[in-house]
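Participant: Would you be able to build a 3D model of this:
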Amino acid sequence: MIKISIVNYTNTLPFKWALKHNNILKKIDLQEDIPSICAQKLKFKQVDLALVPVALLPKLDAYFIETDYCIGANGKVDSVKLYSQVPLTEIKTVTLDYQSKSSITLTKVLFKFFWKLNVNYIDAKPGFENEISDTNAAVVIGDRTFELNGKFKYEYDLSDEWKNFTGLPFVFAAWVSTEKLSNDFIAEFNSVLKFGVDNILKAVNEDYNLKTLSKPQTIEYLVERIDYNLNADKRKALNLFLEYIKKL
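Facilitator: Now for the predicted structure:
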């Protein structure tokens, strides 16, 4: 039984739907977690394969990016945002979402190398979204952003800002193992992921359970905002991001 940790956000719905409606489910133990827990489980070898924030990669002794699929975006993603009541140049502190290391690391990269602004960072605690005021901004990721979009004077889509900075898409999370898995399993797993990505409308119609987005909005988000293919441009972007992490 291969233990797998997958992020339990809306953006993984095509993956989860395909995995749960395929014979591969008999071969795996599928666990749904927030990104930081996916990363923790992989790092401490509690799972064999995980969809992890790519900012974790430098902290692993060894890693293998096992599939042709990821959670990425080419421009706006709508679910990784910096919210503020003041413009960038007036922000003094930034509260960092505790759920994903990639997003908070991307924030630090953008502030240092793109916006060239010095701010102080604060580790978030539950309910931190209510403390966005004055010169304190916050990074919020995942489904919680759907309720926050449009509520603050300023919001910066971090994937879009990365695109403005580099001209490249961004990879938030990739399927990673710390020990190479069998080629046969990865080929089968890859084909299941492809089936999910190729059938987003069916996946939403069968597994939709959101309160914050309608079915049409969910389909638009998954089709227009999330880019699942880990292609050459995304691999280039990932390598560039890892280079910037070294300079932080």
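Participant: Which stretches in the protein count as helices?
Facilitator: Assigned by DSSP state H, the helices in the chain fall at 13-20, 35-43, 101-109, 145-148, 158-166, 183-198, 200-207, 215-220, 232-247.
Participant: Name the residue closest to the centre of this structure, please.
Facilitator: A centroid search over the chain (Cα atoms, centre = their mean) returns Phe172, at 3.9 Å, as the residue closest to the centre.
Participant: Quick check: that one vs Asn164, distance?
Facilitator: According to Cβ to Cβ, to the nearest Å, Phe172 and Asn164 sit 17 Å apart. Bear in mind the C-beta positions are built from the backbone N, C-alpha and C, glycine included.
Participant: got any ranges where the chain has weak pLDDT?
Facilitator: Within the chain, not a single segment meets pLDDT under 70.
Participant: Now do the residue nearest to the centre of the chain against Pro87, distance only.
Facilitator: 25 Å.
Participant: Could you double-check that Met1 sits in contact with Leu30?
Facilitator: No: using Cβ atoms under 8 Å, Met1 is not in contact with Leu30, being 10.3 Å away.
Participant: Look at those two and report which has more neighbours.
Facilitator: Leu30 (16 against 8; other Cβ atoms under 10 Å).
Participant: tally of neighbours for the closest residue to that one other than its chain neighbours?
Facilitator: Distances taken as Cβ to Cβ, 6 or more residues apart in numbering put Ile4 closest to Leu30, at 5.3 Å, once the chain neighbours are dropped. When neighbours are defined as other Cβ under 10 Å, Ile4 has 25 of them.
Participant: Gln85 now?
Facilitator: Neighbour tally, Gln85, other Cβ under 10 Å: 15.
Participant: For the residue nearest to Leu30, give the beta-bridge partners.
Facilitator: Beta bridges link Ile4 to Leu30, Leu49, judged by DSSP bridges.
Participant: Partner strands of the lengthiest strand in the chain, with direction?
Facilitator: Secondary structure of the chain per DSSP state E: the longest strand is strand 64-73. Strand pairing for strand 64-73, using DSSP bridges, gives strand 170-177 (antiparallel), strand 227-229 (antiparallel).
Participant: For Pro58, find the nearest of the ones you listed.
Facilitator: Distance to Pro58, taken as Cβ to Cβ, is lowest for strand 170-177 among those, at 12.1 Å.
Participant: give me every residue that touches Glu188.
Facilitator: By Cβ atoms under 8 Å, 6 or more residues apart in numbering, the contact set of Glu188 is Ile24.
Participant: From Pro35, how far out is it?
Facilitator: To Pro35, Glu188 is 25 Å away according to Cβ to Cβ.
Participant: what's the answer for Tyr228, then?
Facilitator: Distance check for Tyr228 against Pro35: by Cβ to Cβ, it reads 16 Å.
Participant: if we can go back for a sec, residues contacting the residue nearest to Leu30?
Facilitator: 19, 28-31, 47-50.
Participant: at 10 Å what do you get?
Facilitator: 15, 19, 24, 27-32, 38, 41-42, 47-51, 175, 177, 189 (Cβ atoms under 10 Å, 6 or more residues apart in numbering).
Participant: Of those residues, keep whichever come out buried.
Facilitator: Taking 16 or more other Cβ atoms under 10 Å as the criterion, what is buried in the contacts of Ile4 is 15, 19, 24, 28, 30-31, 38, 41-42, 47-51, 175, 177, 189.
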